[in-house]
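Chemist: please work out how this folds:
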Amino acid sequence: MLNTILDTVKNHNFKNVKRVSKINLEIGELTFINVEQLKFAFEVISKSTICEGAEIEVKFIKPYIVCNHCGYRGELDTVDDVIISCPKCGSPSLKIEGGKEFNIKNITVEFEEE
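Modeler: Sure thing, here's the model as predicted:
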């Protein structure tokens with residue numbers, strides 16, 4: 001994540017970048033990422049970079065499934081550890097089409113005054 005942000009700022013040839021102040025993420029619930037651990041790890045690895053001290057906001061994405069048994073298509077309301085079943089018929093035979101994402105939605109960059 002840090003390298004992607006640093007590369008993006010570098011590749012866009014932004015001049016006078018002071019810092020990245022905010023990072024908005026979209027994370028699928030099926031990644032089972034612990035946000036507090038993610039924030040701590042990012043805090044450690046971002047020291048002495050333009051991302052040091054950046055606020056991280058997370059929007060969780062619900063799993064989107066297709067049931068191979070009854071044809072249900074839609075989001076799952078709850079994820080019970082790793083046991084996932086169709087909310088309509090209870091079948092565990094599902095195709096998961098969403099909920100495993102990890103996207104950097106956008107970043108807020110502050111610039112030096114000229």
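
Chemist: for Leu6, which non-adjacent residue is spatially closest?
Modeler: Excluding its sequence neighbours, the residue lying closest to Leu6 (Cβ to Cβ, 6 or more residues apart in numbering) is Thr49, at 6.5 Å. For the C-beta atoms, the positions are set from N, CA and C on the backbone; glycine is no exception.

Chemist: and the gap between that neighbour and Lys18?
Modeler: Between Thr49 and Lys18 the computed distance is 12 Å (Cβ to Cβ, to the nearest Å).

Chemist: longest single strand anywhere in this protein?
Modeler: Longest strand in the chain, counting residues (DSSP state E): strand 17-28.

Chemist: CA-only coordinates of that one in CSV, if you can.
Modeler: Extracted C-alpha coordinates of strand 17-28, given in CSV (Å, rounded to 0.1, in the frame of the first residue of the first chain):
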residue,chain,number,x,y,z
VAL,A,17,4.2,17.7,-2.1
LYS,A,18,4.3,18.2,1.6
ARG,A,19,2.6,15.1,2.8
VAL,A,20,-0.2,12.6,2.3
SER,A,21,-2.7,13.5,5.0
LYS,A,22,-5.5,11.0,4.4
ILE,A,23,-5.9,7.6,2.7
ASN,A,24,-9.3,6.1,2.0
LEU,A,25,-9.5,2.4,1.6
GLU,A,26,-12.1,-0.1,0.5
ILE,A,27,-11.6,-3.5,2.0
GLY,A,28,-13.7,-6.6,1.4
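
Chemist: partners of it in the sheet?
Modeler: Applying DSSP bridges to the sheet, strand 17-28 is found paired with strand 55-61 (parallel), strand 102-111 (antiparallel).

Chemist: show me which residues of that strand are buried.
Modeler: If you call a residue buried by 16 or more other Cβ atoms under 10 Å, then strand 17-28 has these buried ones: Arg19, Val20, Ile23, Leu25, Ile27, Gly28.

Chemist: of the residues you listed, closest to Gly53?
Modeler: Closest approach between these and Gly53, by Cβ to Cβ: Arg19, at 7.1 Å.

Chemist: show the contacting residues for that closest one.
Modeler: Shown in contact with Arg19 (Cβ atoms under 8 Å, 6 or more residues apart in numbering): Ile50, Cys51, Glu52, Gly53, Ala54, Val109, Glu110.
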